[in-house]
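Asks: Structure here, sequence nowhere to be found:
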């Protein structure tokens, strides 16, 4: 991958994830402020994840046909629109609709990033590139909570656990906006390689599930993703109940992301030495 493309992808992955994590956290706090109970928070978590269940394969085909950067730009634009709606409307309906929009937007961004790396590294030697991509995403997950909670706390109310969610959402939206120019650079540069159109039924869900080890990999990935989703969904409720400040929550989430950054930097070397099965 050309160095300029690599830098652009790293910046874009970091800022997009910073915005994504920040807005997830602020949506939780806003839902609580609107009187949401634990069941409503569970619905919000499900709405974040629903697009991955319904649209992952179609989006993957679109990325193969038009290129990953096109999909990335679409995701960033969708997240930006959802940010504008959340800033304008504070009702629960807006919260739920925008939650689903953010979930779809983040899915577009992630699949677009992965498709870009896969299309550039057609020789299959892409473990190090994927490791760098996930490390950049984890860096965004580290920076995002710190910045968003700091701003939300600075302009918050009298209670330390009651942030200004509008200020926090705007901060998250600013991170997403910064990701747009780098995504456009990748799209307009056309340095990515488009995959050939797959044969009929080649990428069907049933055929993918029949691949050796696919069920095991999906189970492990699902368990990890569910754990992280539940953490972001319910940590605001835990913090409000225990009187934990929003900035402390930001530091706790940043600590989790920091460990991920350290673990993923050497992912390529670990994979070469031990193999993917051992790492899983």
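Replies: That came through, no problem. Note that the structure is predicted; figures quoted are calculated from it, not measured.
Asks: buried stuff in the longest helix along the chain?
Replies: What stands out as the longest helix in the chain, according to DSSP state H, is helix 3-33. When neighbours are counted by 16 or more other C-beta atoms under 10 Å, the buried residues of helix 3-33 are found to be 5-6, 8-32. Bear in mind the C-beta positions are built from the backbone N, C-alpha and C, glycine included.
Asks: quick one: the helix or strand just after it to chain centroid distance?
Replies: Note on helix 3-33: by DSSP states H and E, the next helix or strand toward the C-terminus is helix 38-66. Taking C-alpha atoms, centre = their mean, to the nearest Å, one finds helix 38-66 lying 11 Å from the centre of the chain it belongs to.
Asks: Can you pull out the low-pLDDT segments for the stretch 1-150 of the chain?
Replies: 1-2, 121-128 (pLDDT under 70).
Asks: ok, residue 42 - contacts?
Replies: residue 233 (C-beta atoms under 8 Å, 6 or more residues apart in numbering).
Asks: Which elements pack onto the longest helix of the chain?
Replies: Applying 3 or more C-beta pairs under 8 Å, 6 or more residues apart in numbering; DSSP states H and E, one finds that helix 3-33 contacts helix 38-66, helix 68-88, helix 92-120, helix 127-154, helix 165-189, helix 214-242, helix 246-265.
Asks: Ok, which of those helices comes nearest residue 272?
Replies: Closest to residue 272 of these is helix 127-154 (C-beta to C-beta; 7.0 Å).
Asks: list the buried ones in that closest one?
Replies: Residues of helix 127-154 classed as buried by neighbour count (16+ other C-beta under 10 Å): 127, 129-153.
Asks: Could you do stretch 85-99 as well?
Replies: Within stretch 85-99, the residues that count as buried by 16+ other C-beta under 10 Å are 86, 87, 94, 95, 96, 97, 98, 99.
Asks: Greatest separation within these: which pair is it?
Replies: Among those, 87 and 96 lie farthest apart (C-beta to C-beta), at 15.9 Å.
Asks: relative orientation of the longest helix of the chain and helix 165-189 in degrees?
Replies: 160 degrees (axes from the mean of the first three to the mean of the last three C-alpha atoms, to 10 degrees).
Asks: Give me the angle between helix 3-33 and helix 127-154.
Replies: Using the same axes, to 10 degrees, helix 3-33 lies at 40 degrees relative to helix 127-154.
Asks: hmm, back to that, residue 271: which of the helices and strands packed on helix 3-33 is closest?
Replies: For the helices and strands packed on helix 3-33, the distance to residue 271 is smallest for helix 127-154, at 4.6 Å, taking C-beta to C-beta.
Asks: before we move on, the earlier item: just so I know, which of the helices and strands packed on helix 3-33 lies nearest residue 277?
Replies: Residue 277 lies closest to helix 214-242 among the helices and strands packed on helix 3-33, at 8.7 Å (C-beta to C-beta).
Asks: Rounded mean pLDDT for that closest one, please.
Replies: For helix 214-242, the mean per-residue pLDDT is 79.
Asks: and that helix, what does it pack onto?
Replies: Using 3+ C-beta pairs under 8 Å, 6+ apart: helix 214-242 touches helix 3-33, helix 38-66, helix 205-209, helix 246-265.
Asks: how much space between the residue nearest to residue 101 when sequence neighbours are not counted and residue 96?
Replies: Excluding its sequence neighbours, the residue lying closest to residue 101 (C-beta to C-beta, 6 or more residues apart in numbering) is residue 82, at 3.9 Å. Distance of residue 82 to residue 96, given as C-beta to C-beta, to the nearest Å: 11 Å.
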